[in-house]
Each structure stands twice: as C-alpha cells, then as structure tokens.
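A.B. asks: Would you be able to build a 3D model of this:
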Amino acid sequence: MRWQPAVDGILYPSQVYPITASLEGCNLVLFEGRPTQLVAVSKQPLGSVVLSNGETVGELLNRMRVPIE
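C.D. replies: Got it, this is the predicted structure:
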C-alpha cells in the first residue's frame, strides 16, 4: 500500500477469517521515511495462471469452495 512518496504501510486482518472486501477487523500500520521493501519482478493476472496439475487458480478456488466476490 502506498499513501505518499515518503509514507508506506501494511494493511492486515486481525481476524482469522475476515469479511471479504471489508476493512472491518483490519489493522493499518504506516511507516515514514523507510526505503522500498518489496518491488515486483514481474506481474501476471491470477486468471491466466495454470498450476502444475493443469488447473487454473479459479478452478482450484472453486474446488476448495472458497467464496470469491
């Protein structure tokens, strides 16, 4: 999460199973003046990822009955 050029932060759930698409029960920690912690090497949409068993990410989540909104 990036707020301003010199401030970044972490948003994380404080519950084991947070409500999907809700910030209720989440914590926010802001850091100012620290260097960039992580930089993406590459990006790939999850919908186009095929796992080693030939299953897509969507198929895996559906099979595991994970609610997707």
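A.B. asks: give me the number of residues near the residue nearest to R34 when sequence neighbours are not counted?
C.D. replies: By the measure of C-beta to C-beta, 6 or more residues apart in numbering, the closest residue to R34 outside its immediate chain neighbours is D8, 7.2 Å from it. Every residue, glycine included, has its C-beta placed from N, CA and C. Applying other C-beta atoms under 10 Å, we find 19 residues neighbouring D8.
A.B. asks: Verify the contact between D8 and L30 for me.
C.D. replies: Yes. With contact defined as C-beta atoms under 8 Å, D8 reaches L30; the gap is 7.5 Å.
A.B. asks: before we move on, the earlier item: what pairs with the strand or helix carrying the residue nearest to R34, parallel or antiparallel?
C.D. replies: Per DSSP states H and E, D8 falls inside strand 7-13. Using DSSP bridges, strand 7-13 pairs in its sheet with strand 2-4 (antiparallel), strand 26-32 (antiparallel).
A.B. asks: how about these in JSON lines, adding distance to S48 and mean pLDDT?
C.D. replies: Output for the strands paired with strand 7-13, formatted as JSON lines (distance: least, C-beta to C-beta, whole Å; pLDDT from 0 to 100):
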{"stretch": "strand 2-4", "distance to S48": "25", "mean pLDDT": "51"}
{"stretch": "strand 26-32", "distance to S48": "28", "mean pLDDT": "79"}
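A.B. asks: Can you list the low-confidence ranges for the protein?
C.D. replies: 1-7, 15-22, 69 (pLDDT under 70).
A.B. asks: For the nearest residue to F31 once chain neighbours are set aside, give the beta-bridge partners.
C.D. replies: In space, and not counting its chain neighbours, F31 is closest to D8: 5.7 Å by C-beta to C-beta, 6+ apart. Beta-bridge pairing for D8 (DSSP bridges): R2, F31.
A.B. asks: distance between the ends of stretch 9-25?
C.D. replies: Distance across stretch 9-25, first residue to last, is 17 Å (C-alpha to C-alpha, to the nearest Å).
A.B. asks: ok, back up a step: so how far is T56 from the residue nearest to R34?
C.D. replies: D8 is 32 Å from T56, where distance means C-beta to C-beta, to the nearest Å.
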